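**Q** What would the 3D arrangement of this be:
(3 chains)
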Amino acid sequence: MTSTATVGPDAGETIVDWYETAARDLPWRRPGVDAWAVLVSEVMLQQTPVARVEPVWREWMARWPTPGALATVPPADVIRAWGKLGYPRRALRLREAAVAVVERHGGVVPADVSALEALPGVGTYTARAVACFGYGQPQPVVDTNVRRVVARLVHGRAEAGNARAADLADIAALTPPDARRATRFSVAAMELGALVCVAGTPRCGACPVRDRCAWRLAGCPPHDGPPRRVQKFAGTDRQVRGRLLDVLREAHEPVDAAALEAAWEDAVQRGRCLDSLLADGLVEQTDDGRFTLPT
DNA sequence: CATTCGTGGTC
DNA sequence: TGACCAAGAAT
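**A** Residues are numbered from 1 along each chain as shown, chains lettered A, B, ... in the order given. Sure thing, here's the model as predicted:
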């Protein structure tokens, strides 16, 4: 027997070395950036490209440099400052997380993964990202980029499936044993997926572990499973909600129902979406029946 | 476990 | 032009 080319921690070491030379200089990765700043960046980055997050993150950190600063701000200010990043419930939850940090943790973002996961808007990924990037803990961090890297490098598949509990074990098997390197590896694996092992056409020529990649060794087989269907947007409630909120972000005093009619023709869908925005706490109704961002 | 939740850039 | 996609969480 010659060798069973099982991909292991040596691949992780190689990816860390690659990261040291290839990493982007992102503002939330700079030295001195605290866990609060990391938390804000991570929530903004949920399903949102880096280029769009950068300017908004800078503005937020200047305005609200601590959880305590954000916790006292009315939701309307937070929703407006969120701008058009999308999924504005994230803005609301981030503010609620700030309140929780003040109430439960004395204004200091907790370093414990369980305590982080208990914060509004913070799930498995974000909790570990804050513990790892914000506090330097050697936590496994699995996002969509990492799942794609593991799918190809380890499992020889073109695409990652849905997130599973086993993802954490998969990435742990690649992680360098040294704690400092393990911490670096968590960012490095994400960066590899973001820059090289991308969803579209991967740049295998630039990949530091291309000679060990199970997918390449198998001849880059195409994705076999059912094609994951892309989300529609035009005509959906998401678009309508976006339109309605857009009107309210621009208006600096409550608007009447007539002003919202311009946002979307279909009265049934418009009404349903307005109700859902009210239910989400993204919109508030005044005593005289007009609508506004929550004060 | 599948859906829902924004927005805009890219190929 | 339009499908595809971008550091997920909540339900």
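**Q** and after the helix or strand of chain A with the lowest mean pLDDT, which helix or strand comes next?
**A** The weakest-scoring helix or strand in chain A, judged by mean pLDDT, DSSP states H and E, is helix A:166-172 (a mean of 91). Downstream of helix A:166-172, the next assigned helix or strand under DSSP states H and E is helix A:179-195.
**Q** Give me the buried positions along the following helix or strand past that next one.
**A** Counting by DSSP H and E, the next helix or strand C-terminal to helix A:179-195 is helix A:214-217. Within helix A:214-217, the residues that count as buried by 16 or more other CB atoms under 10 Å are A:Ala214, A:Trp215, A:Arg216. Placement of C-beta: from N, CA and C, glycine included.
**Q** What of stretch A:136-147?
**A** Within stretch A:136-147, the residues that qualify as buried are A:Gln137, A:Pro138, A:Gln139, A:Pro140, A:Val141, A:Val142, A:Asp143, A:Asn145, A:Val146, A:Arg147, counting by 16+ other CB under 10 Å.
**Q** now do stretch A:164-182
**A** Neighbour counts over stretch A:164-182 (16+ other CB under 10 Å) mark A:Asp167, A:Asp170, A:Ile171, A:Leu174, A:Thr175, A:Pro176, A:Arg181, A:Ala182 as buried.
**Q** what's the offset of that stretch from the middle of its chain?
**A** 20 Å (CA atoms, centre = their mean, to the nearest Å).
**Q** on that earlier part again, dump the least confident helix or strand of chain A to PDB, keeping only the CA atoms.
**A** Only the C-alpha atoms of helix A:166-172 are listed here, as PDB (Å, rounded to 0.1, in the frame of the first residue of the first chain):
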ATOM      1  CA  ALA A 166     -21.200  17.200  11.700                       C
ATOM      2  CA  ASP A 167     -19.700  20.300  10.000                       C
ATOM      3  CA  LEU A 168     -18.000  21.200  13.200                       C
ATOM      4  CA  ALA A 169     -16.300  17.800  13.400                       C
ATOM      5  CA  ASP A 170     -15.300  18.000   9.700                       C
ATOM      6  CA  ILE A 171     -13.500  21.300  10.200                       C
ATOM      7  CA  ALA A 172     -12.000  20.100  13.500                       C
END
